[in-house]
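Asks: Got a predicted model here, sequence first, then my questions.
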Amino acid sequence: MPHPLVSVADWKPIAAHLAMQSHKPSFTPGEPGPPSWSASDRLPPVLLYCYLKARFGPPNGFMMLLRTRSSDNLIHWHWCVEVDGHVLNVWAPSRATEFIVHSPAAFTDADRDQLMADLTADTVRRSKDISAEKKRLEPWALFINPYQRLDVCVSELLAELDRVDQVPRPEALAMPVTKAALDEYQPKLQAWQHAQFSSGRICTSLRMMAPVLGEAFVNLLLFVLAKPDVRKDKRLYEDLLRRAIDVRVRGLHLNCVGFARGVDADHQAFKDFHTVMNGRNDLLHGNVDPQRLYFDEVYFEGTIPVFPDNEPQIYRFLRGLTKHVEPEAARKDLAAVRSFIEYVLSCLTPEVRQNVEPMLEVPQIGVRKDTGRLGLLFGSVVAESFAYNDNT
């Protein structure tokens, strides 16, 4: 005989405290926990939410008493239903919707399969009610925050550069050389060699990313703060994004809301940022400029190289790996960009700045599809929780 909960039509909402009193969840080590399973893609969370809301009203499960008034919860919604004292919990953690049965009667896999089949069929029968309930929900879309993604990459590369910078350059060996001295020298040289290769790679990335980080910040401001008439005119907005970066920055207070004053092109932070932007073409396009990339000199007689000093040739080679991408230059570029960002933020009104700064820190930003309203829907950290019980 099927379990009573299989009869989906007989489900009735039950108050959370009554459900807990009737069948308080218990987990005994060495014994299986209550029957539980996750919903398939045939019953996505939005469908189940609207179905349950249409049938039973707002979520009534005990987890609703524990949630905060935000999207930052381990359980987002929870309904509790029963049939003749047999209780079914349906809740949505940060993954697939879960079903948990609390019942004195055995609940088999066949019961589960039949319940899910009947529930799927019932969602079809109640499609109009579900559709009406779904229309009451706010439609939002999430998009990646390119500024924050770049900022995280830059921060991780800087941390890696700090570690690499701690590797010292070894003193060159001079004749006569003992085996003990050679054994001590070789691992130090190998460590410095690896550090120089890493430093060149990291600093090249940082110097290429620094101007992009600054431009991503400007473009994010334009997107978030663009005046309504600018935002609505697609061609005007796209033309604005195509303008030279200094022109975009100079016009921020004209094309955006929330600026207490315009960005001063004569401010040192603006000048330093503009210098960084002007230098990016050499890096991004791989421009060859011997004068700028000069790092050493050598004389030749035929095929015989003659060096001007006694520095080992391998040291000369490794030293050249960071020419024009020295750690100091990379850090200077990033400092200029961050100072520029701070300066532009200081041009905003306090109220607007308070709303903008959190958007710089989150990896995803939400935009409401029907109104275009922006929002921070989720934080930077996502957690999952699992309750398990087995015989091990």
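Replies: Here it is on my side, so go on.
Asks: where exactly do the helices run in the stretch 151-300 of the chain?
Replies: For the stretch 151-300 of the chain, the helices defined by DSSP state H, counting those that start in this stretch occupy 179-225, 228-232, 234-242, 245-250, 252-255, 268-284, 290-293.
Asks: Which one of those has the poorest average confidence?
Replies: Lowest mean pLDDT within the helices of the stretch 151-300 of the chain: helix 290-293, at a mean of 68.
Asks: Mind listing what's buried along stretch 367-382?
Replies: 367, 374, 376-378 (16 or more other Cβ atoms under 10 Å). Glycine gets a C-beta too; all of them are placed from N, C-alpha and C.
Asks: contacts for the helix or strand hosting residue 80?
Replies: Following DSSP states H and E, the helix or strand that holds residue 80 is strand 75-83. For strand 75-83, contacts defined as Cβ atoms under 8 Å, 6 or more residues apart in numbering pick out 4-5, 7, 10-16, 19, 22, 49, 52, 56, 59-64, 66-67, 87-94.
Asks: Quick one: buried ones out of these?
Replies: Buried, going by 16+ other Cβ under 10 Å: 4-5, 11, 13-14, 16, 19, 49, 52, 56, 59-64, 67, 87-93, out of the contacts of strand 75-83.
Asks: By mean pLDDT, point me to the weakest helix or strand of this structure.
Replies: helix 16-22 (a mean of 59; mean pLDDT, DSSP states H and E).
Asks: and after that helix, which helix or strand comes next?
Replies: Assigned by DSSP H and E, the successor of helix 16-22 is strand 36-38.
Asks: Got the domain ranges for this protein?
Replies: Structural domains of the chain, as assigned by automatic domain parsing, span the residue ranges 4-135, 146-361.
Asks: what's the span of the last one from first residue to last?
Replies: Its first and final residues considered, domain 146-361 spans 11 Å by Cα to Cα, to the nearest Å.
Asks: centre of the chain versus that domain, how much separation?
Replies: 22 Å (Cα atoms, centre = their mean, to the nearest Å).
Asks: likewise the first one?
Replies: Put simply, domain 4-135 sits 31 Å off its chain's centre (Cα atoms, centre = their mean).
Asks: give me the element residue 334 is part of.
Replies: helix 327-346.
Asks: where does the chain dip in pLDDT?
Replies: Residues of the chain meeting the criterion pLDDT under 70: 16-32, 282, 284-294, 379-392.
Asks: Name the residues linked to residue 144 by a beta bridge.
Replies: residue 364 (DSSP bridges).
Asks: still on that earlier bit, need the helices of the stretch 151-300 of the chain in TSV (columns: distance to residue 348 and mean neighbour count).
Replies: Formatted as TSV, those follow (distance: least, Cβ to Cβ, whole Å; neighbours: other Cβ atoms under 10 Å):
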stretch	distance to residue 348	mean neighbour count
helix 179-225	8	18
helix 228-232	17	13
helix 234-242	18	11
helix 245-250	13	17
helix 252-255	9	16
helix 268-284	15	17
helix 290-293	37	8
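Asks: okay if I get those helices as JSON lines plus distance to residue 71?
Replies: Formatted as JSON lines, these follow (distance: least, Cβ to Cβ, whole Å):
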{"stretch": "helix 179-225", "distance to residue 71": "20"}
{"stretch": "helix 228-232", "distance to residue 71": "25"}
{"stretch": "helix 234-242", "distance to residue 71": "29"}
{"stretch": "helix 245-250", "distance to residue 71": "33"}
{"stretch": "helix 252-255", "distance to residue 71": "31"}
{"stretch": "helix 268-284", "distance to residue 71": "35"}
{"stretch": "helix 290-293", "distance to residue 71": "50"}
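Asks: Quick check: which of those is nearest to residue 336?
Replies: With Cβ to Cβ as the criterion, residue 336 lies closest to helix 268-284 of the helices of the stretch 151-300 of the chain, at 4.0 Å.
Asks: so how far is residue 166 from residue 185?
Replies: According to Cβ to Cβ, to the nearest Å, residue 185 and residue 166 sit 19 Å apart.
Asks: Residue 189 and residue 198, how far apart?
Replies: Residue 189 is 15 Å from residue 198, by Cβ to Cβ.
Asks: for residue 106, same thing?
Replies: 61 Å.
Asks: what do you get for residue 263?
Replies: 37 Å.
Asks: and residue 226, how many neighbours?
Replies: Residues lying near residue 226 (other Cβ atoms under 10 Å) number 19.
Asks: Would you confirm that it contacts residue 256?
Replies: Yes: between residue 226 and residue 256 there is a contact under Cβ atoms under 8 Å: 5.8 Å.
Asks: what about residue 366, which SS state?
Replies: With DSSP: H, G, I helix; E, B strand; the rest coil as the basis, residue 366 sits in strand.
Asks: Excluding residues flanking it in the chain, which one is nearest it?
Replies: residue 377 (3.9 Å; Cβ to Cβ, 6 or more residues apart in numbering).
Asks: quick one: the helices in the stretch 1-150 of the chain?
Replies: Assigned by DSSP H, counting those that start in this stretch, the helices in the stretch 1-150 of the chain fall at 16-22, 45-56, 109-125, 127-135, 146-164.
Asks: In PDB, could you pull the C-alpha coordinates for the third one?
Replies: In PDB, the C-alpha atoms belonging to helix 109-125 read as follows (Å, rounded to 0.1, in the frame of the first residue of the first chain):
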ATOM      1  CA  ASP A 109      12.000   4.200  -3.000                       C
ATOM      2  CA  ALA A 110       8.900   3.200  -4.900                       C
ATOM      3  CA  ASP A 111       6.900   5.700  -2.700                       C
ATOM      4  CA  ARG A 112       9.400   8.400  -3.500                       C
ATOM      5  CA  ASP A 113       9.200   7.800  -7.300                       C
ATOM      6  CA  GLN A 114       5.400   7.800  -7.200                       C
ATOM      7  CA  LEU A 115       5.300  10.900  -5.100                       C
ATOM      8  CA  MET A 116       7.600  12.800  -7.600                       C
ATOM      9  CA  ALA A 117       5.600  11.500 -10.600                       C
ATOM     10  CA  ASP A 118       2.300  12.700  -9.000                       C
ATOM     11  CA  LEU A 119       3.800  16.000  -8.000                       C
ATOM     12  CA  THR A 120       5.100  16.600 -11.500                       C
ATOM     13  CA  ALA A 121       1.600  15.800 -12.900                       C
ATOM     14  CA  ASP A 122       0.000  18.200 -10.400                       C
ATOM     15  CA  THR A 123       2.200  21.100 -11.400                       C
ATOM     16  CA  VAL A 124       0.900  20.600 -14.900                       C
ATOM     17  CA  ARG A 125      -2.700  20.600 -13.700                       C
END
